[in-house]
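>>> Model the structure of this input:
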Amino acid sequence: MTLSKILIANRGEIACRIIRTANRLGIKCVSVFSDADKDSLHVKMADEAIYIGKPPAQQSYLIKEKIIQSAKKTNCQAIHPGYGFLSESYEFSQLCSKNDLVFIGPPWQAIRDMGIKSTSKHIMSAAKVPIIEGYHGEDQSEERLLQEAEQIGYPVMIKAVRGGGGKGMRIAFSREEFIYQLQSAKTEALKAFNNDEMLVEKFVEKPRHVEVQIFGDHHSNYVYLYERDCSIQRRHQKVIEETPAPGLTNETRRKIGEAAVKAARAVNYVGAGTVEFIMDPKQNFYFMEMNTRLQVEHPITEMVTNTDLVEWQIRVARGEHLPLKQEDIPLNGHAFEARIYAEDPNNNFMPGAGKLKYLQPPLVTDKNIRVETGVEEGDEVSVHYDPLIAKLVVWADDRKSALQKFRYALANYKISGLTTNIPFIISLCDHKEFVAENVHTDFIPMHRDELFKTAKEPIIGNEIICCALSTILNYEAELSKNYSNNNLVGSMIPNFWTNNFAEKQFNLIFNNESKTNAKVNVKYVNENNFELNLNGQTHLVSLNILDRQARLYQCDVDGHRIKLSYSRDQETGMFSLFANDRLFEFKLEDRKYQKEQNLSLGDADSNDSVAPMPGVIDKINVKAGDEVKKGDPLVVMIAMKMEYVIRSNRDGVVKSINCSVGQNVKKSHKLVSLAE
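The predicted structure follows:
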């Protein structure tokens, strides 16, 4: 069978991931997109893209008929579902077959049987795959479920029969709390899956979540590509994954792999799948569920086996044999993956949404670091979808080396505009028990106080304040000059300082919990050096450019050079400084200087708002006769490929508009004048 064009029924990083492999194989790709994704990376990367509806997934990505129509309209031969959305919908798989489209995934019967937990348990038990005994019956009355829980013995796990992703799952430690937890699980399951049937099982305390990557083809060949440990979780959802699972004996590795293959054979599985197991401290393991799709964490398996699992999926869908036999699949080194989310760990991991105002992934220097993402700087993390920004994947020869490399890459992942879980993941990497391989699904709750203490905002000392001030001075200088020298900042004299080299005072307010206030006296020394006095100490400070394109700088504070990068939010005036592996946000309290460094207001007593640099007028927000307040936006101009808002320096009435949209203006051109 030939596949020359496929439609990807997904979005974000997994759509981009599939496109890269498909294009390498000479296969054209069609993306689908909602209103929220019209400018997204997966749309830009595709050969074609089809609009499918409004942002809510129920009105776009989950409408089976629209996906099928899009595939037929663009003459695709197959559909790759990615993960999530329709990837585990056996009805969608059936619909593909009815429309002569290849579903790049398992047979619909396998999706159906493995999607219902009670059914899958019966199948696994018959196939001699170890399972945790429990109640999977049809009588769903509270009385019967309570009776079964009593018979099993507490603690018990209450799970939605059609559940997934940690939804509809609760733990009851006693009879007294069982009914409450049952009702809570039922309510959540009904909302998530439109089904509130429950099963009750013995809960294994301090368990590990160990899953096995399996593959099958149309010729009854099966292999396992070893295991992944996904025990580090919050709200039953994975945070860090690694492979191989730390501490497993070779015998356990073989047994769990063979058990996973048994599970696949039992349902005549074809394609990529993951069999998830619960493992106790003695390395006894029990079937939990089977995910009938490619997993989010598949890249770490690729790193240790030197494979491309998306390529395997496509080859199997074309009817080919598996590329490798079991004895030929290597297991080399160790790999970690972190899911970089827009979420606030300090607020119960509350998901975030909004614009990625600054986005600088770690510099990828070799093939052993991968950044899997579907977003670019300036993109919106939408409220309608999972707040995943990227997956960071790192490989090295052994776990210790991989963890060190992993942590370094995390510390160099720079994002502002949204709160992320990066500091929390770093604190996980630093925890002595994680380093010692003592992982289990209760890890975060058990070590919560230590993890959050480590992840809290760092101390803001003199060196950081000096770095912060240097970025303000550099920002102002770079706006006023176009440097041809890529190695040095050159003159760091801001515009407002040109005719006055006297000492000036700045008041920085840091956006931390305590709102740290730093008053700094700054004295000009020479073109690239300033003397900063704060907290009774004097520091000589300069700033050099390391890589203008990557926005990397080096601040010299009394001979100590600190690598940093920074950005400034044009709307709020907030600076984001990345230094010493942390993010520091700050702005200037002094409104007069804010006016000057915002390049928009000039003197407070002036009637004129002037152009701070050469540029093009993009928008005029006022007209003659309008009343304006101090700080109101008057004009928007484009300069150095950036947008700048020119704001009113005082309350007043607009006397005249001295520019027009599209006009090129010189520095100091009077843009808007107010009546006296």
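>>> immediately after the helix or strand containing residue 178, which helix or strand?
Using DSSP states H and E, residue 178 falls within helix 175-193. Later in the chain than helix 175-193, the nearest helix or strand by DSSP H and E is strand 198-202.
>>> Helices of the stretch 1-150 of the chain, start to end?
Along the stretch 1-150 of the chain, counting by DSSP state H, counting those that start in this stretch, helices occupy 12-24, 41-45, 64-73, 90-98, 108-115, 117-126, 142-152.
>>> for the stretch 101-250 of the chain, which spans come out with low pLDDT?
Regions of the stretch 101-250 of the chain meeting the criterion pLDDT under 70 cover residues 163-165.
>>> switch to 80 and redo it
For the stretch 101-250 of the chain, applying pLDDT under 80 flags the ranges 117-118, 133, 163-167, 191-192, 235.
>>> Distance-wise, check residue 126 relative to residue 202.
From residue 126 across to residue 202, the span is 20 Å (C-beta to C-beta, to the nearest Å). In this view, the C-beta of every residue, glycine as well, is placed from N, C-alpha and C.
>>> Could you say which helix or strand holds the closest residue to residue 574 other than its chain neighbours?
The shortest distance from residue 574 to any non-neighbouring residue, by C-beta to C-beta, 6 or more residues apart in numbering, is to residue 587 (4.9 Å). For residue 587, the element it lies in under DSSP H and E is strand 582-588.
>>> Now that strand: average pLDDT?
Strand 582-588 shows a mean pLDDT of 90.
>>> The residue nearest to residue 574 contacts residue 511, correct?
Yes: counting by C-beta atoms under 8 Å, residue 511 is a contact partner of residue 587 at 7.3 Å.
>>> Looking at these two, which is more packed in?
residue 587 (19 against 16; other C-beta atoms under 10 Å).
>>> List the beta-bridge partners for the more buried one.
Here residue 587 sits in beta bridges with residue 509, as judged by DSSP bridges.
>>> residues contacting it?
Residues in contact with residue 587 (C-beta atoms under 8 Å, 6 or more residues apart in numbering) are 508, 509, 511, 572, 573, 574, 575, 594.
>>> Can you get me a residue count around the fourth one?
Around residue 572 sit 11 other residues, with neighbours defined as other C-beta under 10 Å.
>>> and it, what element?
Under DSSP H and E, no helix or strand contains residue 572.
>>> residues in contact with it?
Applying C-beta under 8 Å, 6+ apart, we find residue 572 in contact with residue 587.
>>> So which of residue 126 and residue 202 has more stuff around it?
Set residue 126 next to residue 202 and count neighbours by other C-beta under 10 Å: residue 202 wins out with 17 against 9.
>>> Relative to residue 102, how far out is the more buried one?
41 Å.
>>> Repeat that for residue 312.
15 Å.
>>> okay, the two: which has more neighbours?
The neighbour count for residue 312 versus residue 102, taken as other C-beta under 10 Å, is higher for residue 312 (23 against 20).
>>> Other residues contacting the host helix or strand of the more buried one?
Here residue 312 sits within helix 309-317, counting by DSSP H and E. Outside helix 309-317, the residues that touch it by C-beta under 8 Å, 6+ apart are 1, 3, 6, 17-18, 21-22, 24-25, 27, 78, 80, 102-105, 213, 215-218, 225, 270-272, 294, 298, 301-302, 322-323.
>>> Among those residues, which lie within strands?
Applying DSSP state E to the contacts of helix 309-317, the entries found in strands are 6, 78, 80, 102, 103, 213, 215, 216, 225, 271, 272.
>>> how deep is the closest residue to residue 631 other than its chain neighbours tucked in, by neighbour count?
With sequence-adjacent residues excluded and distances taken as C-beta to C-beta, 6+ apart, residue 631 is closest to residue 647, at 5.2 Å. Counted with other C-beta under 10 Å, the neighbours of residue 647 add up to 22.
>>> swap in residue 15?
Residue 15: 25 surrounding residues under other C-beta under 10 Å.
>>> other SSEs contacting whichever helix or strand comes after the helix holding residue 312?
Remark: after helix 309-317, the chain's next helix or strand is strand 334-341, criterion DSSP H and E. If you count contacts as 3 or more C-beta pairs under 8 Å, 6 or more residues apart in numbering; DSSP states H and E, strand 334-341 packs onto strand 237-243, helix 298-305, strand 388-396, helix 399-411, helix 422-430.
>>> Kindly reformat the ones you listed as TSV containing distance to residue 119 and mean neighbour count.
Below are the helices and strands packed on strand 334-341 laid out as TSV (distance: least, C-beta to C-beta, whole Å; neighbours: other C-beta atoms under 10 Å):
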stretch	distance to residue 119	mean neighbour count
strand 237-243	24	24
helix 298-305	25	24
strand 388-396	30	24
helix 399-411	37	18
helix 422-430	36	22
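>>> Output those as JSON lines; include the columns distance to residue 543.
Converted to JSON lines, the helices and strands packed on strand 334-341 look like this (distance: least, C-beta to C-beta, whole Å):
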{"stretch": "strand 237-243", "distance to residue 543": "35"}
{"stretch": "helix 298-305", "distance to residue 543": "37"}
{"stretch": "strand 388-396", "distance to residue 543": "28"}
{"stretch": "helix 399-411", "distance to residue 543": "21"}
{"stretch": "helix 422-430", "distance to residue 543": "25"}
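>>> Out of these, the one nearest residue 176 is which?
For those, the distance to residue 176 is smallest for strand 237-243, at 27.5 Å, taking C-beta to C-beta.
>>> can you list the residues that contact the helix or strand just after that closest one?
Next helix or strand after strand 237-243 toward the C-terminus (DSSP H and E): helix 250-266. With contacts defined as C-beta under 8 Å, 6+ apart, helix 250-266 is touched by 123-124, 126-130, 210, 212, 214, 216, 222-224, 226-227, 244-245, 248, 269, 273, 275, 277, 279, 283, 285, 287, 290.
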